[in-house]
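J.: Predicted model follows, preceded by the sequence.
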Amino acid sequence: MNVIHKFSTSDEQGKQLYRYFDGNEWVEKWEKNDVATRMLMEDHLEKIEPIRNKVLAEELSPLGYHIEAKLFSISLLSSYTGISKRHIRKHLKPEYFNQLDGETLNNYANAFGISIDELKKL
């Protein structure tokens with residue numbers, strides 16, 4: 001994963017100075033914000049791919065995928081939904097997630113800004 005540091009310095013063309021580790025060395029570049037955002041998104045997609053595979057293998061519920069994909073934590077999701085962290089951890093297991101009632105599913109879906117159908121799938 002690239003570690004990106006944005007410096008507040010900008011040039012006359014609206015570029016920002018970014019410093020990142022490319023795996024071998026630190027690199028400094030003047031880049032538009034969209035380049036750094038793209039790099040962060042690529043890293044994020046790499047991070048969630050193994051989680052997606054766990055959901056497909058039924059080792060993890062879709063809730064775990066959506067937590068990572070939406071950049072949530074269990075604590076943050078708990079504060080949005082009012083569901084205890086202990087229950088959220090339990091709902092990460094497919095056998096418990098598949099038994100959730102509509103109200104709980106709706107609560108999770110609303111926190112992520114998606115429909116219940118989207119919550120249940122990838």
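T.: Arrived safely. Numbers count the residues shown, from 1 in each chain.
J.: Can you classify V27 as helix, strand or coil?
T.: The three-state label given to V27 by DSSP: H, G, I helix; E, B strand; the rest coil is strand.
J.: If it is in a bridge, with which residues?
T.: Following DSSP bridges, V27 is listed with bridge partners Y20.
J.: Look at it and say how many residues are nearby.
T.: 11 (other C-beta atoms under 10 Å). Quick note: C-beta positions are derived from backbone N, CA and C, even for glycine.
J.: cool, R86 as well?
T.: Around R86 there are 10 residues (other C-beta under 10 Å).
J.: Map the structural domains onto the sequence of the chain.
T.: 1-31, 41-120 (automatic domain parsing).
J.: quick one: secondary structure of Y96?
T.: Once three-state DSSP is applied, Y96 turns out helix.
J.: do you know how far the residue lying closest to it once chain neighbours are set aside is from I51?
T.: Once flanking residues are discounted, Y96 sits nearest to K90: 5.1 Å by C-beta to C-beta, 6 or more residues apart in numbering. Per C-beta to C-beta, to the nearest Å, K90 is found 18 Å from I51.
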